[in-house]
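**Q** Just need the structure, nothing else, for what follows:
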Amino acid sequence: MTLRAVVVGSGSAGRRHAAALRRLRPDAEIVVVRRTGSTQPAAELERIGASTVTSLTAATDDGCDLGVVASPATHHRQDAEGLMGAAAAVLVEKPLAATVEDGERIRAAAGDRPVVVGYHLRWSETVRRLAATLADELPGPPESFGFSVGQHLSQWRPGADPRTGVSARSDLGGGALLELSHELDAVRHLLGPVDAVLGAELRTDGAPTDGIVDTVADLRLELRDGAVGRVHLDMTSDPAHRRWRVTSGAVTVTGDLLAGTIHVDDGHHVREVHRSDEAERDRAEDALMSHLLTLLDGAEPGSRDPGCSVEDGIATLRVVAAARAAAERRGAIEVGTAPDRPELRPATSALVDQVRPQ
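**A** Here you go, the predicted model:
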């Protein structure tokens, strides 16, 4: 039986997901919802044989097996709810939504249907090897960490005006905290739950945006096990970087995700334990989409492991909400059960400075 997939959104994420589907299922029927007046390039969709329509209703009139939400974050809830009634499995591009409330509504709509949140770095060879290295090399629980990512917004999507894209606009869910939330998901995925944002500094300059979205975010996080570390997210750096560091005792494990390398420093010497290649991003995307197809084809409802769940997506949004509150109130914020209105608690340490984790 021919797979019918509906992809909502013809931007870079939507085109990437559609291309991965075509590679994995050459005979699939792929329908992309491309809004009227969209300036996103259509040539790639035509090349892979995807058809386009202008509304979700038109796309799902004939039903679908698999749905992908790759629209702006502020539209994720509406688009996901629209797909839930038609698709047996759904991928929601990261972030899950623009707010915790919308994320919780997506969870309610999903029911027993498998829903994967598209933090594709979880499927990266380097990240998977990094998780194994942390387990094998650290002498004890992580004591400190630094996760840092940055790239100037003008370099994100060559050929497109950065000022009109999702990342630059608050009304579409742009800004560093949401658009670069891979690092927040990675802290949780690799190290454990985040209990508090001890301090946060947000900036809105240095990139061609609407002047409202955060272009730089420096956060100091406290994990449930007591470890404290920093996360730096920016849309202003040139050259780009993505480096993750975790320390326990005398041992530091560092991953350079752009270079695809992992190094272990035991306090006496540094050794390289992993090196990937430039094609890793495509393989991570294919691994993510292959996982979604496996969920669609295989397991029974209620027993499917999404790899990155709606609960994971909501937990990351709670950290984002707490970070915004910490920056506004200049105090430490618990990441609690009401993350859109987090409780202010006395600061336990100085507010984060603007030094990036190294």
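**Q** Flag every buried residue along the lengthiest helix in the chain.
**A** Ranked by number of residues, the top helix in the chain under DSSP state H is helix 310-329. Neighbour-count burial for helix 310-329, with 16 or more other C-beta atoms under 10 Å as criterion, is recorded at 310, 312-327. All C-beta atoms are positioned from the backbone trio N, CA, C, and that covers glycine.
**Q** got it, and stretch 163-181?
**A** Buried-residue list, stretch 163-181, by 16+ other C-beta under 10 Å: 165-170, 172-181.
**Q** what about residue 306, distance to residue 91?
**A** From residue 306 over to residue 91 the distance is 9 Å, taken as C-beta to C-beta, to the nearest Å.
**Q** Could you break this structure into its assigned domains?
**A** If you go by automatic domain parsing, the domain ranges for the chain are 4-121+282-308, 122-277+315-345.
**Q** and these as JSON lines, adding mean pLDDT?
**A** Shown next, in JSON lines, are the domains of the chain (pLDDT from 0 to 100):
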{"stretch": "domain 4-121+282-308", "mean pLDDT": "93"}
{"stretch": "domain 122-277+315-345", "mean pLDDT": "94"}
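**Q** packing partners for the helix or strand just after the longest helix of the chain?
**A** As assigned by DSSP states H and E, the chain's next helix or strand after helix 310-329 is strand 332-334. Judged by 3 or more C-beta pairs under 8 Å, 6 or more residues apart in numbering; DSSP states H and E, strand 332-334 is in contact with strand 194-203, helix 310-329, strand 344-345.
**Q** Tell me which of those lies nearest to residue 85.
**A** Nearest of the helices and strands packed on strand 332-334 to residue 85, taken as C-beta to C-beta: helix 310-329 at 16.5 Å.
**Q** any idea of the angle the closest one forms with strand 194-203?
**A** Compare the direction of helix 310-329 with that of strand 194-203 by axes from the mean of the first three to the mean of the last three C-alpha atoms, to 10 degrees and you get 50 degrees.
**Q** Can you tell me which helices and strands helix 310-329 packs against?
**A** Helix 310-329 packs on helix 100-110, strand 115-118, helix 176-179, helix 182-191, strand 194-203, strand 216-223, strand 332-334, going by 3+ C-beta pairs under 8 Å, 6+ apart.
**Q** Mind putting those into JSON lines with distance to residue 146?
**A** Shown next, in JSON lines, are the helices and strands packed on helix 310-329 (distance: least, C-beta to C-beta, whole Å):
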{"stretch": "helix 100-110", "distance to residue 146": "26"}
{"stretch": "strand 115-118", "distance to residue 146": "24"}
{"stretch": "helix 176-179", "distance to residue 146": "16"}
{"stretch": "helix 182-191", "distance to residue 146": "10"}
{"stretch": "strand 194-203", "distance to residue 146": "14"}
{"stretch": "strand 216-223", "distance to residue 146": "10"}
{"stretch": "strand 332-334", "distance to residue 146": "19"}
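**Q** So which of those is nearest residue 264?
**A** Taking the helices and strands packed on helix 310-329 one by one with C-beta to C-beta, helix 182-191 is closest: 15.0 Å.
**Q** Quick check: most distant residue from the centroid of the chain.
**A** For the chain, the largest distance from the centre (C-alpha atoms, centre = their mean) belongs to residue 268, which lies 35.1 Å off.
**Q** Could you tell me how many residues sit around residue 276?
**A** For residue 276, the count of nearby residues is 18 (other C-beta atoms under 10 Å).
**Q** Kindly report the same for the one 3 residues further on.
**A** Burial of residue 279 is recorded as 11 neighbouring residues (other C-beta under 10 Å).
**Q** Equivalent analysis for residue 152, please.
**A** Neighbours of residue 152 using other C-beta under 10 Å come to 18.
**Q** Which residues are in contact with it?
**A** Applying C-beta atoms under 8 Å, 6 or more residues apart in numbering, one finds that residue 152 lies in contact with 207, 235-238, 240.
**Q** same thing but 7 Å
**A** Residue 152 sits next to 207, 235-238 when contact means C-beta atoms under 7 Å, 6 or more residues apart in numbering.
**Q** how close does the nearest residue to residue 140 once chain neighbours are set aside get to residue 76?
**A** Closest residue in space to residue 140, ignoring its immediate chain neighbours: residue 248 at 5.0 Å, by C-beta to C-beta, 6 or more residues apart in numbering. The spacing between residue 248 and residue 76, counted by C-beta to C-beta, is 36 Å.
**Q** and the two? which has more neighbours close in?
**A** residue 76 (29 against 18).
**Q** ok, the more buried one touching residue 97?
**A** Yes. Counting by C-beta atoms under 7 Å, residue 97 is a contact partner of residue 76 at 4.6 Å.
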